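Asks: Predicted model follows, preceded by the sequence.
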There are 2 protein chains.
Amino acid sequence: MSWLDLPADTGFGLDNLPLGVFSTPGTEPRSGVRIGDLVLDLWAWSHDEDHRTGSLNAFLARGPERWAQLRSELRGSLTDEAHRGGTEPFLVPVDQVEMHLPVEVADYVDFYSSRQHAENIGRIFRPDAEPLTPNWTHLPIGYHGRAGTVRVSGTPVVRPSGQRRSPADDAPTFGPSERLDIEAEVGFVVGTPSALGEAVPLRAFPDHVFGVCLVNDWSARDLQAWEYVPLGPFLGKSFLTSVSPWVVPLAALEAARVAPPPRDHTVLHYLEDDEHPWGLDITLEVALNGERISRPPFREMYWTAAQQLAHLTGNGAALRTGDLFASGTVSGPELRQRGSLIELSWNGREPLTLADGSTRTFLEDGDVVTISASAPGPGGSRIGFGEVTGRVVPPRHTLSG
Amino acid sequence: MSWLDLPADTGFGLDNLPLGVFSTPGTEPRSGVRIGDLVLDLWAWSHDEDHRTGSLNAFLARGPERWAQLRSELRGSLTDEAHRGGTEPFLVPVDQVEMHLPVEVADYVDFYSSRQHAENIGRIFRPDAEPLTPNWTHLPIGYHGRAGTVRVSGTPVVRPSGQRRSPADDAPTFGPSERLDIEAEVGFVVGTPSALGEAVPLRAFPDHVFGVCLVNDWSARDLQAWEYVPLGPFLGKSFLTSVSPWVVPLAALEAARVAPPPRDHTVLHYLEDDEHPWGLDITLEVALNGERISRPPFREMYWTAAQQLAHLTGNGAALRTGDLFASGTVSGPELRQRGSLIELSWNGREPLTLADGSTRTFLEDGDVVTISASAPGPGGSRIGFGEVTGRVVPPRHTLSG
């Protein structure tokens, strides 16, 4: 038990201890850990220089032994009354801090590992073909996104402009996206780098990955549909990717580990995970203007993050501290478990009706989307992930086509 | 004229002045400028802290006025006998230095802007379809690559392993690539960043882009063919991208500017370049084990780098100092102008015969590929780009499939 008076239902108890980067008015961004409704200033508390760099990267680069050591020190200080005096002065109410991007993102990779999502998108974008491409059940399909436009929760979502061509048009036009969408995802943050030319085996997943955040991979479906053949998504995704400010350590998710769903067939050796299943029972919630519209179940993902990491490095690609790889949209088998509006509204053909009577297909200016999540912790506790949120704003300048 | 005794045919005269990062034995990497067969140690010469950071990023972030100022100072010092004493001591023979990655790469984007290359690849990968997808003449197609595996010329090319499935196979197998290839490209290095949500117009190209390097985007065609539908190339490209160590300033390429080839039809407004044509008359040379096998003409590219930049930011994606975007494989209309082995050997069906009587389809272990280039400079001079080279080595560890 902590000497802190933690709220009974907090998702930020002693079993969680997520890290982030915060500032208070007039101070520089530094690392902190969330406990209940407070943030412990790690730099002030520890005087460890890693914690005043303004990103978690320096600490994450230290590797898993150091991660475990900090966790142990934090638990000691927050439970042992003898440490109260050396800890309590460095606690700041969470509503008095500004949160920053937790990690300086090195490379950003986005996977496509929900079978339900891939099938839904396949049916919508390629109605005359099999919904899953032949490779889908053999490897976790992914692509590189734009690391430089990964921003912290709360960053305004400037409606992107770009080229699109509807089937009825002879030629493309240029203008603000009319099909602005979300993708509710879970992201994994790499701490320990790897050498060029050396694959990281699946079992080494927790040696390299520090923790987990929530991701909203904002998507302009009209731009994406026109541009993505043959080299994949580009401007339809690169205008903004939002992440939650708190990175939940993998170590906090032991009670959430589950076996992934059964696979259609045996996978190649480097992707075999029978002994190291890294399915995670995280339940996401998607709220549009405060109203819950979906509860995507992460435990249904066909490919796990450990498999994604083994695949990503299977060709010898090096990892760097700060690499972020996201799961792809999380969609479950039920309608209200889908993680994107294109699926929820079936490409605009079946609008969502909201509580106020209005309807939505894609996002309108002023809309606020918030993704939150929780997972089971030890002894019936809950592990909270906080949230990633963003409000859609009109384009600042519109170039004419 | 310089007080230096420059070789008559040097591509590194006073009109070029490319920047790079070098070290001598026992010293830290720092910035230098190449002049003839010498390197001027910019840190020792100027005591500007930007030049001892070990990458060009700090200097590139200063923007175009500072770039022009350095160029002017360098020309002054290298021509005015009065500056000889303050300059000559800081010149090092180029054969005594080790070159390093010139830029800490932020985001890496690879375009696909040679019509000949796109048509060739289309015919090979999608023989039953039109070689160009309908979007190709409307926008410069591109995708994000892996910034963390961009390395300097000379880095060994560890043969990547991965999944592939030949048409005759029921299921994929895992192993070292059997179709390891090159892509001869030209890369553009961003100095001046841009704000999230704001497009960079085509005319602002030289305000943001500092200069040009050569790129070999090594490609494993068997991995690529199996993985790339529907989200584009991933592991087939992410194991290594090599760049030349010298970044040639755009300012050195004024005499090389040409109008790009005629387009099939009018392009959308933000891509119109009649007033700002940025075609560049750069001729590449590809050598395999010392024997020239191709001379790709960059002036034939359908989309220019200025158009690529306008497109890349058209959705509001921010630029960062150190962003690198490459042209895509440069291929001309003639057989011996193609910039990849898959085109030169028509997917292995028409092997190249080398001078020693051996043949090649794709790369064998031990093969060395070197890409070099030059462009016209003022008054009949030549602008050299140096070279990007790499030797193929066998996999360090082969995971069994």
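Replies: Great, that's in hand. Computed from a predicted model, the values in this text were never measured in an experiment.

Asks: The stretch 51-200 of chain A against chain B: which residues are in contact?
Replies: By the rule CB under 8 Å from any CB of the partner chain, the part of the stretch 51-200 of chain A lying against chain B is A:106-107, A:112, A:122, A:125-126, A:133-135, A:138-139, A:141-149, A:151, A:155-156, A:158, A:160-163, A:165, A:171-174, A:196-199. C-beta here means a position set from N, CA and C on the backbone, and glycine is covered the same way.

Asks: Now list the buried members of those residues.
Replies: A:106-107, A:112, A:122, A:125, A:133, A:135, A:138-139, A:141-149, A:151, A:155, A:158, A:160-163, A:165, A:172, A:174, A:196-199 (16 or more other CB atoms under 10 Å in any protein chain shown).

Asks: and these, which of them are in helices?
Replies: Judged by DSSP state H, those include A:122, A:125 as members of helices.

Asks: Could you report the neighbour count for the residue of the stretch 151-300 of chain A found nearest chain B?
Replies: Here the stretch 151-300 of chain A gets closest to chain B at one residue, residue A:232, 2.4 Å apart by CB to the nearest CB. Residues lying near residue A:232 (other CB atoms under 10 Å in any protein chain shown) number 27.

Asks: now that we're looking at it, how far away is residue B:69 from it?
Replies: For residue A:232, the distance to residue B:69 (CB to CB, to the nearest Å) stands at 41 Å.

Asks: Repeat that for residue A:24.
Replies: 40 Å.

Asks: Looking at the two, which one has more neighbours?
Replies: residue A:24 (15 against 11).

Asks: neighbours around the nearest residue to that one once chain neighbours are set aside, how many?
Replies: In this structure, residue A:24 finds its nearest non-sequential neighbour in residue A:97, 5.7 Å apart by CB to CB, 6 or more residues apart in numbering or on different chains. When neighbours are defined as other CB under 10 Å, residue A:97 has 22 of them.

Asks: go on, the one 4 residues further on?
Replies: Residue A:101 has 20 neighbours, counted by other CB under 10 Å.

Asks: wait, what's in contact with it?
Replies: By CB atoms under 8 Å, 6 or more residues apart in numbering or on different chains, the contact set of residue A:101 is A:21, A:55, A:150, A:151, A:152, A:243, A:245.

Asks: can you check residue A:122 too?
Replies: Each residue near residue A:122 by CB under 8 Å, 6+ apart is listed here: A:129, A:130, A:131, A:132, A:133, B:230.

Asks: in the stretch 251-400 of chain A, which segments are predicted with low confidence?
Replies: Low-confidence segments of the stretch 251-400 of chain A, defined by pLDDT under 70: A:397-400.

Asks: can we see that at 80?
Replies: Along the stretch 251-400 of chain A, segments meeting pLDDT under 80 span A:396-400.

Asks: And the residue of it found nearest chain B, which helix or strand is it part of?
Replies: Closest contact between the stretch 251-400 of chain A and chain B, by CB to the nearest CB, is at residue A:315 (3.8 Å). In the assignment (DSSP states H and E), residue A:315 maps to no helix and no strand.

Asks: With adjacent residues omitted, what lies nearest to it?
Replies: Nearest non-adjacent residue to residue A:315 (CB to CB, 6+ apart): residue B:160, at 3.8 Å.

Asks: Would you agree the one you found is in contact with residue B:175?
Replies: No: Residue B:160 is not in contact with residue B:175 according to CB atoms under 8 Å; the separation is 10.3 Å.

Asks: if I pick the residue of the stretch 251-400 of chain A closest to chain B, what's in contact with it?
Replies: A:199, B:160, B:161, B:162, B:220, B:223, B:235, B:236, B:238, B:239.

Asks: Please enumerate the strands of the stretch 1-150 of chain A.
Replies: Taking DSSP state E, counting those that start in this stretch, the strands of the stretch 1-150 of chain A run over residues A:19-23, A:30-35, A:38-41, A:91-93, A:98-100, A:108-111, A:142-145, A:150-152.

Asks: can you list contacts of the second one?
Replies: Yep, that's strand A:30-35 we're talking about. A:2, A:4, A:6, A:12-14, A:16-23, A:39-44, A:50-54, A:56, A:59, A:74, A:78, A:91-92, A:94, A:97, A:246, A:386.

Asks: Provide the strand pairings for that strand, with the direction of each partner.
Replies: Applying DSSP bridges, strand A:30-35 is found paired with strand A:19-23 (antiparallel), strand A:38-41 (antiparallel).

Asks: Format the ones you listed as a markdown table; extra columns: mean neighbour count, distance to residue B:325 and mean pLDDT.
Replies: Listed next are these as a markdown table, based on neighbours: other CB atoms under 10 Å in any protein chain shown; distance: least, CB to CB, whole Å; pLDDT from 0 to 100:
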| stretch | mean neighbour count | distance to residue B:325 | mean pLDDT |
| --- | --- | --- | --- |
| strand A:19-23 | 24 | 29 | 98 |
| strand A:38-41 | 22 | 39 | 98 |
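
Asks: tell me the contacts of the residue of chain A most remote from its centre?
Replies: In chain A, counting by CA atoms, centre = their mean, residue A:170 sits farthest out from the average C-alpha position, at 37.9 Å. With CB under 8 Å, 6+ apart as the criterion, no residue contacts residue A:170.

Asks: Report whether it is found in a strand, as I expect.
Replies: No: according to DSSP: H, G, I helix; E, B strand; the rest coil, residue A:170 belongs to no strand; its state is coil.

Asks: any idea of the mean pLDDT for stretch A:88-96?
Replies: Per-residue pLDDT over stretch A:88-96 has a mean of 98.

Asks: That stretch: end-to-end distance?
Replies: 16 Å (CA to CA, to the nearest Å).

Asks: same question, stretch A:11-18
Replies: First-to-last residue span, stretch A:11-18, CA to CA: 10 Å.

Asks: Break chain A into its domains for me.
Replies: Structural domains annotated on chain A: A:19-100, A:108-393, as defined by automatic domain parsing.

Asks: most tightly surrounded among those domains?
Replies: With neighbours defined as mean count of other CB atoms under 10 Å in any protein chain shown, the domains of chain A peak in mean count at domain A:108-393, which reaches a mean of 21.

Asks: Now do the lengthiest helix in chain A: everything it contacts.
Replies: As assigned by DSSP H, the longest helix anywhere in chain A is helix A:64-79. Helix A:64-79 has contacts (CB under 8 Å, 6+ apart) with A:1-4, A:14, A:17, A:33, A:35, A:40, A:45-46, A:59-60, A:83, A:86-87, A:191-192, A:206-207, A:210, A:249, A:251.

Asks: re earlier: with distance to residue B:347 and pLDDT as extra columns, can I get the contacts of residue A:122 in TSV?
Replies: Listed next are the contacts of residue A:122 as TSV, based on distance: CB to CB, whole Å; pLDDT from 0 to 100:
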residue	distance to residue B:347	pLDDT
A:129	24	91
A:130	25	93
A:131	29	94
A:132	26	96
A:133	21	95
B:230	22	93
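
Asks: now, which of those residues sits nearest residue B:338?
Replies: Nearest to residue B:338, judged by CB to CB, of these is residue B:230 at 26.9 Å.

Asks: Bridge partners for the closest residue to residue A:385 other than its chain neighbours, pull those for me.
Replies: Nearest non-adjacent residue to residue A:385, counting by CB to CB, 6+ apart: residue A:373, 4.2 Å away. Beta-bridge partners for residue A:373, by DSSP bridges, are residue A:284.

Asks: how about the helices of the stretch 301-401 of chain A, start to end?
Replies: Along the stretch 301-401 of chain A, counting by DSSP state H, counting those that start in this stretch, helices occupy A:305-312, A:341-344.

Asks: Serialize those to a markdown table and add fields for distance to chain B.
Replies: Below are the helices of the stretch 301-401 of chain A laid out as a markdown table (distance: least, CB to the nearest CB, whole Å):
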| stretch | distance to chain B |
| --- | --- |
| helix A:305-312 | 7 |
| helix A:341-344 | 15 |
